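> here is my input, please return the structure:
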Amino acid sequence: MTGELALITGASCGVGFALAKQFARRGYDLIIADGYDEIHTAAAALTVFGTDVQAQQVSLCCADNAQWLHRRVVSDGRQVTVAALTVSVNDAMCPDDSLDGALDLVDSSVRGTMSLARLQAERMATYGRGGVLLTAAPDDGGPGLGTAVYSASSAFLQAFGSMLQQDVRDSGVKVITSLPRGGGGSRCNLPAEVARHALAALNCDGRSGFAARATDAVTTLAGRFIADRIKGPVRQIVSPTGEAV
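Have a look, this model is predicted:
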């Protein structure tokens, strides 16, 4: 056992549970959180790896719950080495498929996760080490606003992750966003594959890979949603190193 502690959200199933399994296999003790009853079943399944697993049934769709979960983790008295925070857009799809509903869903999808990420990164910075991994469970690629909500949520996480990394850049804390493309059916969107790529990104020592991924995400988003006459200036604003020019 490593004696290190990982905090995993969205861990009752899918990408979050796959990440929890990866960390448990590596000997991490776990605090896993999700809003569903299944989080307790997930905790029981993870104990087979011989690590200590604590389950917290709490949904980060409510921003106040992020504060509560952070306080709960701090009260445990141990340093979190890695916080792997997963957003699942499909947790609360808007029932009326309206624009207002979609915008509310983007807000509820990312606000709590972003708040918890900042709180965890700031605490890690006081210890001079740690990692924050932001990822999202891919949407199913079906018709409706789900794909737009996933893309918008991913863009928020990508931009926030880049900003948070800058805020803690000299503290020994690494912030990584690993966001699969929206749309179902691809093997690269299977939970185990998403988790594997996310951990590989977190374990990458250099920052050039992160900058390249951030740049690719921005230019890809531009290609999807921005008119051709505007794409050129966008590409000029973001350099190949991921820095504004």
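
> C-alpha from now on. contacts and neighbour counts both.
Noted.

> for Glu193, what is the enclosing helix or strand?
helix 191-202 (DSSP states H and E).

> and the contacts of that helix?
With Cα atoms under 8 Å, 6 or more residues apart in numbering as the test, helix 191-202 has contacts from 14-16, 18-19, 22, 131, 133, 135, 137, 174-178, 180, 187-188, 210.

> pretty sure Leu119 is touching Trp68, no?
No: Leu119 is beyond contact range of Trp68, at 11.1 Å (criterion: Cα atoms under 8 Å).

> now do the strands in the chain.
Under the criterion DSSP state E, strands of the chain are mapped to 5-9, 29-34, 53-57, 80-88, 130-137, 173-178.

> partners of the last one, with directions?
Taking DSSP bridges as the criterion, strand 173-178 pairs within the sheet with strand 130-137 (parallel).

> now do the strand it pairs with against helix 191-202, angle only.
Counting by axes from the mean of the first three to the mean of the last three Cα atoms, to 10 degrees, strand 130-137 points 150 degrees away from the direction of helix 191-202.

> what average pLDDT does strand 130-137 get?
Averaged across strand 130-137, pLDDT comes to 92.

> mind putting the strands of the chain into a markdown table with mean neighbour count?
Output for the strands of the chain, formatted as a markdown table (neighbours: other Cα atoms under 10 Å):
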| stretch | mean neighbour count |
| --- | --- |
| strand 5-9 | 25 |
| strand 29-34 | 26 |
| strand 53-57 | 20 |
| strand 80-88 | 26 |
| strand 130-137 | 25 |
| strand 173-178 | 26 |
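
> list the contacts for the closest residue to Ala152 other than its chain neighbours?
Closest residue in space to Ala152, ignoring its immediate chain neighbours: Val106 at 6.8 Å, by Cα to Cα, 6 or more residues apart in numbering. The neighbours of Val106, taking Cα under 8 Å, 6+ apart as the test, are Val89, Val149, Tyr150, Ala152, Ser153.

> and Val106, what pLDDT?
Val106 is given a pLDDT of 88.

> where's it relative to Val149, distance?
According to Cα to Cα, to the nearest Å, Val106 stands 6 Å off from Val149.

> same check, this time on Cys204
29 Å.

> so between these two, which is more surrounded?
With neighbours defined as other Cα atoms under 10 Å, Cys204 and Val149 compare such that Val149 has more, 26 against 13.

> wait, what's in contact with that one?
Going by Cα under 8 Å, 6+ apart, the list of residues near Val149 reads Val89, Ala102, Leu103, Leu105, Val106.

> could you pull out the buried residues of stretch 98-106?
Gly101, Ala102, Leu103, Leu105, Val106 (16 or more other Cα atoms under 10 Å).
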